[in-house]
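Asker: got a predicted model here, sequence first, then my questions.
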Amino acid sequence: MANGKILIEAHSLINNERQQEYGDPQSCFRAIAKMWSIFLKQDVTPAEVAICQTLVKIAREAHGHKQDNLIDGAAYIALAADLVTLRPEDTPDAVIDSGEEEGLLVGKLSPVSWIPTPEGAKS
């Protein structure tokens with residue numbers, strides 16, 4: 001039996017199936033970080049999003065074993081490692097805060113006006 005089989009599965013998942021479903025992880029996690037930052041009223045980085053998602057999978061695994069929890073947890077921690085060094089210019093169609101619209105502009109999507117601009121932010 002080979003060690004680390006779930007790492008191979010996690011690698012395949014984040015580079016094939018999930019990218020086809022959700023787009024590139026850098027843009028997706030930037031959008032999530034921006035939304036969480038507004039909701040939590042504190043800065044959240046894309047890497048912190050991936051780490052928190054890993055913790056969700058660990059909590060689910062603590063409740064009861066499911067192989068999906070371990071594969072997804074490994075995938076999220078791998079993405080966290082990639083996202084730690086991410087710079088804004090590395091991500092096409094990343095979250096854009098134009099300062100001209102209330103709320104967010106995410107990639108090529110329309111402004112999301114139901115998300116309030118944080119107090120003290122540019123409006």
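Answerer: Yep, it's here.

Asker: can you give me the buried ones in stretch 48-58?
Answerer: Within stretch 48-58, the residues that count as buried by 16 or more other Cβ atoms under 10 Å are E48, V49, A50, I51, Q53, T54, K57. Where C-beta positions appear, they are placed from N, C-alpha and C, glycine not excepted.

Asker: an error on my part: the question was meant for stretch 61-72.
Answerer: Buried residues in stretch 61-72, counted by 16+ other Cβ under 10 Å: E61, N69, L70, I71, D72.

Asker: now render these as a markdown table, adding distance to L13 and secondary structure.
Answerer: Shown next, in a markdown table, are the buried residues of stretch 61-72 (distance: Cβ to Cβ, whole Å; DSSP: H, G, I helix; E, B strand; the rest coil):
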| residue | distance to L13 | secondary structure |
| --- | --- | --- |
| E61 | 16 | helix |
| N69 | 13 | helix |
| L70 | 12 | helix |
| I71 | 7 | helix |
| D72 | 8 | helix |
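
Asker: ok, which pair from those residues is furthest apart?
Answerer: E61 and I71 (10.6 Å; Cβ to Cβ).

Asker: is it true that S37 touches P46?
Answerer: No: using Cβ atoms under 8 Å, S37 makes no contact with P46, being 10.5 Å away.

Asker: for these two, work out which one has more neighbours and name it.
Answerer: Legend: neighbour count by other Cβ atoms under 10 Å for S37 and P46, higher for P46 (27 against 18).

Asker: okay, and the helix or strand of the chain with the least pLDDT?
Answerer: Within the chain, no helix or strand scores below strand 105-106, which has a mean of 39 by mean pLDDT, DSSP states H and E.

Asker: for the closest residue to Y22 other than its chain neighbours, what is the enclosing helix or strand?
Answerer: Nearest residue to Y22, sequence neighbours excluded (Cβ to Cβ, 6 or more residues apart in numbering): C28, at 5.3 Å. Using DSSP states H and E, the element containing C28 is helix 25-40.
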